[in-house]
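A.B. asks: Structure for this input, please:
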Amino acid sequence: MTYTPFSIYGAERRSRWLITCDHASNYVPDDISGGDLGLDPADMQRHIAYDVGARGTSLRLGELLDAPVICANWSRLCIDPNRGADDPTLVMRLYDGTIIPGNRDVDDAEIERRKLVHYQPYHAALENLAADCADVVIIAMHSFSPKLNGRAPRPWEIGILHAPQEDRFGKALIAELEQEPDLTVGDNAPYTGYLPGDSIDQHALRSGRLNALIELRSDEINTPETQNAWAERLAPILQSTLARNSL
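C.D. replies: Predicted structure coming up:
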């Protein structure tokens, strides 16, 4: 199969929603370190390489919301699509205690090449999709590890990240989710909701578009069945959040 830096599913769908999945894949393209970053194959199945379960959940959510879905097709370890173009963590040499051998000697010229070949085409396609709907609502799907090395277990099943520049939908979504008695909901947890230059900043905050970044704990979505179940749970909650708040 020929590699392309992104895939779009349901481009013909015409609801207000746009689903993005920056960390959908753990694939290393051949032009990056010969297709092998030098990690043990088991490490490439971990959260350091991609967001476990996020792709399957995104695809099902797109079907349910009649929304296009865009996925990046390379590992975040190659170049992180959810970082600003000048972010010092754009290409990681160390991630959660794991050294990335294939990135050890990456120089500025190689980072610029990876931007040109992988990062920029993905973001251009994402922006084109967002601009195709005047009142788009961008939902960025991610997952997080139940526990980082040396850290306490994370109690949230789901976290909603939002930033003050445009947080109406994110805050309203948290309020909806907090009505679910079996959920521990993170409000800008396990991460902060604003990282300058990240995907939401580039495609939602700078344009005043409604948005939310959804983080699901990866042990909640580590099978096709649980990915579908979470998508089927989230779809009506997202729709009711939009309707009840007249956004």
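A.B. asks: how about the lengthiest helix in the chain: buried residues?
C.D. replies: In the chain, with assignment by DSSP state H, the single longest helix is helix 224-244. Buried residues in helix 224-244, defined by neighbour count with 16 or more other C-beta atoms under 10 Å: 226-228, 230-231, 234-235, 238, 241-242. (C-beta placed from N, C-alpha, C; glycine too.)
A.B. asks: next one: stretch 71-81
C.D. replies: Judged by neighbour count (16+ other C-beta under 10 Å), stretch 71-81 contains these buried residues: 71-81.
A.B. asks: Which pair of the residues you listed spans the longest distance?
C.D. replies: 71 and 77 (16.3 Å; C-beta to C-beta).
A.B. asks: Output the below-cut-off pLDDT ranges for the protein.
C.D. replies: Along the chain, segments meeting pLDDT under 70 span 1.
A.B. asks: rerun at 90
C.D. replies: 1, 96-97, 147-152, 193-194 (pLDDT under 90).
A.B. asks: can you give me the helices in it?
C.D. replies: With DSSP H as the criterion, the chain has helices spanning 54-65, 108-114, 120-131, 168-177, 199-203, 224-244.
A.B. asks: hang on, the earlier thing: identify the residues contacting the longest helix of the chain?
C.D. replies: Residues outside helix 224-244 that contact it (C-beta atoms under 8 Å, 6 or more residues apart in numbering) are 16-17, 53, 56-58, 60-61, 63-65, 137, 139, 169, 172-173, 175-177, 180, 214, 216, 220-221, 247.
A.B. asks: thinking again about what came up before, distance to residue 202 added to the buried residues of helix 224-244, as JSON lines?
C.D. replies: Compiled in JSON lines, the buried residues of helix 224-244 are given as follows (distance: C-beta to C-beta, whole Å):
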{"residue": "226", "distance to residue 202": "30"}
{"residue": "227", "distance to residue 202": "26"}
{"residue": "228", "distance to residue 202": "29"}
{"residue": "230", "distance to residue 202": "26"}
{"residue": "231", "distance to residue 202": "25"}
{"residue": "234", "distance to residue 202": "23"}
{"residue": "235", "distance to residue 202": "25"}
{"residue": "238", "distance to residue 202": "22"}
{"residue": "241", "distance to residue 202": "23"}
{"residue": "242", "distance to residue 202": "22"}
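A.B. asks: Identify, from these, the entry nearest to residue 163.
C.D. replies: Checking the buried residues of helix 224-244 one by one against residue 163 (C-beta to C-beta), the nearest turns out to be residue 241, at 17.1 Å.
A.B. asks: residues near residue 93, how many?
C.D. replies: Residue 93 has 14 neighbours, counted by other C-beta atoms under 10 Å.
A.B. asks: measure it to residue 105 for me?
C.D. replies: In this view, residue 93 and residue 105 are 9 Å apart by C-beta to C-beta, to the nearest Å.
A.B. asks: same thing with residue 42?
C.D. replies: 24 Å.
A.B. asks: Could you tell me which residues make contact with residue 86?
C.D. replies: Contacts of residue 86 (C-beta under 8 Å, 6+ apart): residue 197.
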